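Q: quick one, structure for this:
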Amino acid sequence: MGTFDRDHLIELKDHVDRLLTELAEVTKEHKDEVDRVAPTHYVGAINLVHYAHLRSRDLSGLQSRLAAIGSTRLSTTEPSVKARLKSARNVLGAYLGEGPIYTTKEVVDAFSDADEILDEHSEVLLGAPVPDTPSCIMVTLPSEAAHDIGMVRGFAESGMDLARINCAHDDETVWKAMIDNVRTVAGEMGREIRVSMDLAGPKVRTGAIAPGPEVGRARVTRMETGKVLTPSKLWITPVPAEGGSPEPVPGNLPGRPALAIQVKREWFEALKADSVITLHDNRGSKRVFTVVRTFAGAVLAQGERNAYIANGTLLEHDYERTRVHGIPPVVQRVKLRVGDRLFLTSEEIEYDPAAGAGRIPRLSCTLPQAVDAVKVGHRVLFDDGSIAAVCIDKRETEGGTELELEVTRARPQGVNLGAYKGINLPDSNLPLPSLNEEDLQHLRFVAAHADIAAISFIRNTEDVEFVLQALRDIAAETGDEEAIRRLGLVLKIETIPGFENLAQILLTGMQHENFGIMIARGDLAVELGFERMAEVPQLIMALGEAAHIPTILATQVLENMAKNGLPSRAEITDAAMALRAECVMLNKGPHINDAIKVLRKMSKKLGASQRKSRMMLRKVRSWE
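A: Presented below is the predicted three-dimensional model:
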């Protein structure tokens, strides 16, 4: 071995030794935090601070140099950082003739032991996965699951391991019915299906927009030549008695949706097949509709022209007239393009686009504190990031704080912004707790009835401490500390601060024994920008693996398939990446059972090929 080579090896040895010394130092620095974690998380907490320290350095050069001598690239250090570095140090010592300076006990089995800890924590939180599958499947329950046990049974038969309930929708009565159905189906199948409930946290949304006129459209569809392909349709029902509801419009009618209208019962009861109805629509144009089918409590009438019909429009049949009822007001929106201005105010107002025509729109915000937190230059994102704006001025008015915003991103044709659409403030520090009063009440329900509480809007350790204290308060109220200790706690990582403070958030969350995290990719993508979503979820999963805690990956996995029945090629690749997490969440859709089955099949296939980010060298029969 040449002198240069030996000097090179000595330099590498010294580098690795310095890193091991630094790990000992950061362990001491974080001793108080590590000592506070639950005993089952102690090993993971130490490895977490080691891995976070390692990732605070640029070690790409060291990786390449170690790989060049056949040692390790340090690219899969997550399970046991210290063991990986000690193994590299032993290789360097062997090259230098020193022999291994770390014992076999310090190096061997460290990775398999770490994997076993992660598997145990995953099973405690998520339940036992199907054999030979790396990931559990969590399925979001729609409201119908409260009264349709067959739907829940179908999810379970397709491969659902956990059921998710979103507390942003429905109420405790509906949630309890959903949970009862899940428990019943689980009993039928002889296996456990855990229930996870998402607490919404404080949601920043646009305020009210005044409803438009009570006008609806009955519309034809035409060929390019102008020939009518499908007629315009009226779904006519009698005005229901107080507390009643009209017969719903069938969902399988061809062409454009039928316009639902209500009329006086006496006039309705005179209609029969081939009855002719005439009217002058909202534009003064005469229109003719003919009854083509009768139903119990409704009739379907068709016409050959479009018609704009309002509440109060006169209908005539057999020289008898009646007025139209039951048409809801048009939902008004604000159309915004790049360069447009709008005001966002903390004042509680209802914006009327018709009254404000020609002026800068002025929208309220459901959380006034959010408006106060924004500063000039901060970004304001609307409706899942479909509209991006920047604050160019901030002023105090008689009604409150007002921001003047300039739109910086929107589709070329503009975007219609509606009432109660989400607002993201990636640059602003919102002075809000992670749980509001409503969430705290919901948390009591979750603790009593569900298996996992998933907490939104986690930004820092203070948010985590707030949640942990809320759980301690519930334990004190109920006198059942053991139940709260067993309750699963999942923190949703969905904000820029949540990502940036992730190591400390995990270390604090590990004070709770049954603990995991969720990567909420939708909100993360809005705040971070889509270009970073190739990297960030994998970084979060890596830190979770280093902490030996399970990760749930959520949002838009196989979404196209769940909604339309066929997956895109890109989302199959995306689902394969998602299956590196201990659990994958699927959302709702008419074809969700197909999506569950595909994900289950992929999970079984990939279970033999990958362990987290590590490729397993199984035999590839196709290459024999």
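
Q: rest of the way, CA atoms for contacts and neighbours
A: Will do.

Q: distance of D14 from Y51?
A: Separation of D14 from Y51 (CA to CA, to the nearest Å) stands at 19 Å.

Q: out of these two, which sits in the busier spot?
A: Y51 (24 against 14; other CA atoms under 10 Å).

Q: part of a helix, is that one?
A: Yes - under DSSP: H, G, I helix; E, B strand; the rest coil, Y51 sits within a helix.

Q: not counting sequence-adjacent ones, nearest residue to R333?
A: In this structure, R333 finds its nearest non-sequential neighbour in G418, 4.5 Å apart by CA to CA, 6 or more residues apart in numbering.

Q: just the helices in the stretch 301-450 of the chain please.
A: In the stretch 301-450 of the chain, the helices defined using DSSP state H, counting those that start in this stretch lie at 368-373, 437-449.

Q: in JSON lines: those, plus distance to A163.
A: Below are those laid out as JSON lines (distance: least, CA to CA, whole Å):
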{"stretch": "helix 368-373", "distance to A163": "33"}
{"stretch": "helix 437-449", "distance to A163": "13"}
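
Q: and of the ones you listed, who's closest to N560?
A: Proximity to N560, assessed across the helices of the stretch 301-450 of the chain by CA to CA, is greatest for helix 437-449 (30.6 Å).

Q: parallel or antiparallel, which strands does whatever helix or strand comes next after that closest one pair with?
A: For helix 437-449, the following helix or strand on the C-terminal side (DSSP states H and E) is strand 452-455. Within its sheet, strand 452-455 is paired with strand 194-199 (parallel), strand 488-493 (parallel), according to DSSP bridges.

Q: out of these, nearest to G255?
A: That would be strand 194-199 among those, by CA to CA, at 37.6 Å.

Q: okay, the angle between the closest one and helix 437-449?
A: 170 degrees (axes from the mean of the first three to the mean of the last three CA atoms, to 10 degrees).

Q: one step back: what's the burial count for the residue nearest to R333?
A: For G418, using other CA under 10 Å, the count is 19.

Q: pLDDT value on it, please?
A: G418 carries a pLDDT value of 94.

Q: for it, give its distance to G385.
A: Counting by CA to CA - G418 and G385 are separated by 13 Å.

Q: repeat for L66
A: 43 Å.

Q: I'd like the strands paired with strand 452-455 laid out as a markdown table, including mean neighbour count and mean pLDDT.
A: Formatted as a markdown table, these follow (neighbours: other CA atoms under 10 Å; pLDDT from 0 to 100):
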| stretch | mean neighbour count | mean pLDDT |
| --- | --- | --- |
| strand 194-199 | 25 | 96 |
| strand 488-493 | 26 | 96 |
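
Q: nearest to G99, of those strands?
A: Judged by CA to CA, the one of the strands paired with strand 452-455 that comes nearest to G99 is strand 488-493, at 44.8 Å.

Q: which helices and strands does the next helix or strand after that closest one pack with?
A: Following strand 488-493 in sequence order, the next helix or strand is helix 496-500 (DSSP H and E). With contacts taken as 3 or more CA pairs under 8 Å, 6 or more residues apart in numbering; DSSP states H and E, helix 496-500 sits against helix 521-528.

Q: who's in contact with the helix it packs on?
A: Applying CA atoms under 8 Å, 6 or more residues apart in numbering, the contact partners of helix 521-528 are 381, 384-385, 424-426, 493-496, 532-533, 537, 553-556.

Q: check stretch 111-123 too.
A: 79-80, 128-129, 514-515, 545, 548-550, 582.

Q: let's see that with 7 Å instead.
A: 79-80, 548-550, 582 (CA atoms under 7 Å, 6 or more residues apart in numbering).

Q: quick one: the strands in the stretch 301-450 of the chain, in order.
A: 307-310, 314-317, 320-323, 334-336, 341-345, 362-364, 379-382, 387-396, 401-409, 415-417, 423-424 (DSSP state E, counting those that start in this stretch).

Q: can you tell me which of those is most buried?
A: Ranked by average neighbour count under the criterion mean count of other CA atoms under 10 Å, the strands of the stretch 301-450 of the chain are headed by strand 362-364 at a mean of 24.

Q: what packs against that one?
A: strand 341-345 (3 or more CA pairs under 7 Å, 6 or more residues apart in numbering; DSSP states H and E).

Q: any stretches of the chain with poor pLDDT?
A: Residues of the chain that meet the criterion pLDDT under 70 lie in 1-4, 607-619.

Q: now do K31: how many residues are near it, please.
A: Using other CA under 10 Å, K31 has 14 neighbouring residues.

Q: can you name the residues that contact it?
A: Not one residue lies near K31 by CA under 7 Å, 6+ apart.

Q: from I46, how far out is it?
A: Counting by CA to CA - K31 and I46 are separated by 9 Å.

Q: ok, back up a step: may I ask which two of the contacts of stretch 111-123 are separated the most?
A: S80 and E582 (18.1 Å).

Q: just the contacts of stretch 111-123: which are in strands?
A: Per DSSP state E, strands hold no members of those.

Q: turn these into a markdown table, including neighbour count and distance to P361.
A: Formatted as a markdown table, the contacts of stretch 111-123 follow (neighbours: other CA atoms under 10 Å; distance: CA to CA, whole Å):
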| residue | neighbour count | distance to P361 |
| --- | --- | --- |
| P79 | 27 | 53 |
| S80 | 28 | 55 |
| H548 | 30 | 50 |
| I549 | 26 | 47 |
| P550 | 27 | 45 |
| E582 | 26 | 46 |
